[in-house]
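Participant: missing the sequence, but the structure's below:
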């Protein structure tokens, strides 16, 4: 399958290469790069795709007021057609209702725009959403389908978003591949909100099945997909051929959930059986895996589109950068210094055993049966405590008592010993803390044995993040009842957090109470957590 550019100049459906001209007001301004909407606020930058089901054009644009890129779902039609106008109004209303919905798997709706006299002809309205950096979903499979574990992992955020939206009484409209993009973090996101006026929650579930089918087979299984994308084959009875039939390496559970999600009960000629995003999500979590970096593809750069720093995939192991090498040198230096201290302490003890009696000029010390030292109290002092050693952690579980845990599949990265992997929170649109969306969020570490903790080292990729270390005895703790035993405002790199003397513990919570702010979004990214202490 040849690769389709992520962003391209718009073309008319008759192949003439001109913009829409069949709608009313054809003599007015057209939808071309540089055209403006909403009294000049939004300037069109590049055409991303089309959804012919509702005559919608998908554009990247610049918000002239706030100076940021946005995603526009532009609804077109004949303004004199009352039916088309009513359908457009319904789509705008549904999008506006979704403006309060925040989820990492969906671009946040910022505004809806209704027609103005100076807008291009045939313009019926637009849904404005935050721009999703990354690559086009179709480009991701341009060179072939993905490994099943990668396909499951990528689809997880979208499935979680569908389930959360349905609980909130919303429909996303996640059933067209060009409305979906892949972020720089390698996660699928609904990038162009604005569901069809007739869309239902079952259409979202069918969309999940179609996205998973596309990643597993490279074929689109719903009607009215983009040009150039192969369609899914059908059996003699009209049902979609299962992914496992096309690729025997696809696990049976993934293949089955994709087909059954496509076969919603309200769709004639299909099998049905999967009706909720939660059912799809459960199967995805069982089969999601982080494939080796040599097995995933390099994102195809869009012509005139994203810069190279938006690349998601790598075809080879990453070379250590200056920051990684610096961390390695520091770690080796700290280890060497600790070794010298231990050797020095042991040597001093040995010398003291042999030299102590001959050089002592003070009164002798007699140790009685009751264990009391009589004489010089300085003699016989207890040796210093042994240096702390790494305390292994057997499990890391994302934890958020206020809602859905942040990036649960990435939580084990904190204890895998690889600073190149990471755990990250969702992208929040307001700061944590009192008055925010939540008091905090974090990860619970289950230690291999109860230990007296001395230090916790947190390797952070985001400066300005505030972290508390809390002691607990459960992987699902009561955060208010878990005492704070250490805290720090993190800088980029390794941060040593001293731990206050406390009772031995076999669980700790790495509790994030303040996020890093970048471009109006709030996020924390932690690479590694190392616990130091002594066995209880």
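Facilitator: That came in fine, so what should we check first? As the structure is a prediction and not an experimental result, all values here were calculated from the model.
Participant: Domain-wise, how is the chain divided?
Facilitator: For the chain, the structural domains run 36-130, 134-310, 389-535, going by automatic domain parsing.
Participant: where exactly do the helices run in the protein?
Facilitator: Using DSSP state H, the helices of the chain run over 82-97, 137-140, 148-167, 201-217, 243-246, 252-262, 277-287, 322-359.
Participant: With respect to residue 344, which of the domains of the chain lies nearest?
Facilitator: With Cβ to Cβ, the closest approach to residue 344 among those belongs to domain 389-535: 17.5 Å. Where C-beta positions appear, they are placed from N, C-alpha and C, glycine not excepted.
Participant: Next, the distance between the ends of that closest one.
Facilitator: Domain 389-535 has an end-to-end distance of 9 Å (Cα to Cα, to the nearest Å).
Participant: Check the offset of it from the chain's centre.
Facilitator: On the basis of Cα atoms, centre = their mean, to the nearest Å, domain 389-535 is displaced by 17 Å from the centre of the chain it belongs to.
Participant: And stretch 219-229, by the same measure?
Facilitator: On the basis of Cα atoms, centre = their mean, the separation between the geometric centre of stretch 219-229 and that of its chain is 27 Å.
Participant: what do you get for stretch 128-147?
Facilitator: With Cα atoms, centre = their mean as the basis, the mean position of stretch 128-147 lies at 15 Å from the chain mean.
Participant: okay, now residue 430: neighbour count?
Facilitator: Counted by other Cβ atoms under 10 Å, the residues lying close to residue 430 total 15.
Participant: swap in residue 519?
Facilitator: Neighbour number of residue 519 under other Cβ under 10 Å is 8.
Participant: I'd like the distance between it and residue 69.
Facilitator: 10 Å (Cβ to Cβ, to the nearest Å).
Participant: Who does residue 136 form a beta bridge with?
Facilitator: As for beta bridges, residue 136 partners with residue 181 under DSSP bridges.
Participant: Distance check, it against residue 421.
Facilitator: As for residue 136, its distance to residue 421 is 26 Å (criterion: Cβ to Cβ).
Participant: what does residue 250 give?
Facilitator: In terms of Cβ to Cβ, residue 250 sits 26 Å off from residue 421.
Participant: Quick check on the two: which one has the bigger neighbour count.
Facilitator: residue 250 (23 against 14).
Participant: Quick check: phi and psi on the more buried one?
Facilitator: phi -70, psi 130 (degrees, to the nearest 10).
Participant: Make residue 1 into 35 and carry on from there
Facilitator: Renumbered: residue one is now 35, and that last one reads residue 284.
Participant: Might one say that it is in contact with residue 182?
Facilitator: Yes. Contact criterion Cβ atoms under 8 Å: residue 284 and residue 182 qualify, at 5.2 Å.
Participant: Overlap of the contact sets of these two?
Facilitator: Residues touching both residue 284 and residue 182 by Cβ atoms under 8 Å, 6 or more residues apart in numbering: residue 250.
Participant: before we move on, back to that, which of the helices of the chain has the lowest mean pLDDT?
Facilitator: Mean pLDDT across the helices of the chain is lowest at helix 356-393; the value there is a mean of 58.
Participant: ok so, going back, mind putting the domains of the chain into CSV with distance to residue 64?
Facilitator: What follows is those, written out as CSV (distance: least, Cβ to Cβ, whole Å):
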stretch, distance to residue 64
domain 70-164, 5
domain 168-344, 19
domain 423-569, 32
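Participant: Comparing those, which yields the minimum mean pLDDT?
Facilitator: Among the domains of the chain, domain 168-344 carries the lowest mean pLDDT, at a mean of 80.
Participant: just how off-centre is that domain within its chain?
Facilitator: 17 Å.
Participant: Walk me through which strands the longest strand seen in the chain pairs with, and which way each runs.
Facilitator: Determined from DSSP state E, the single longest strand within the chain is strand 475-494. Paired neighbours of strand 475-494 in the sheet (DSSP bridges): strand 427-433 (antiparallel), strand 527-532 (antiparallel), strand 539-548 (antiparallel), strand 559-569 (antiparallel).
Participant: buried set for it?
Facilitator: 475-481, 485-494 (16 or more other Cβ atoms under 10 Å).
Participant: what do you get for stretch 213-223?
Facilitator: Buried residues in stretch 213-223 (16+ other Cβ under 10 Å): 213-217, 219-223.
Participant: what comes into contact with it?
Facilitator: The contact list for stretch 213-223 (Cβ under 8 Å, 6+ apart) reads 83, 85, 92, 107, 138-141, 166-171, 174, 187-192, 195, 207-208, 224-227, 245, 333, 344-347, 458.
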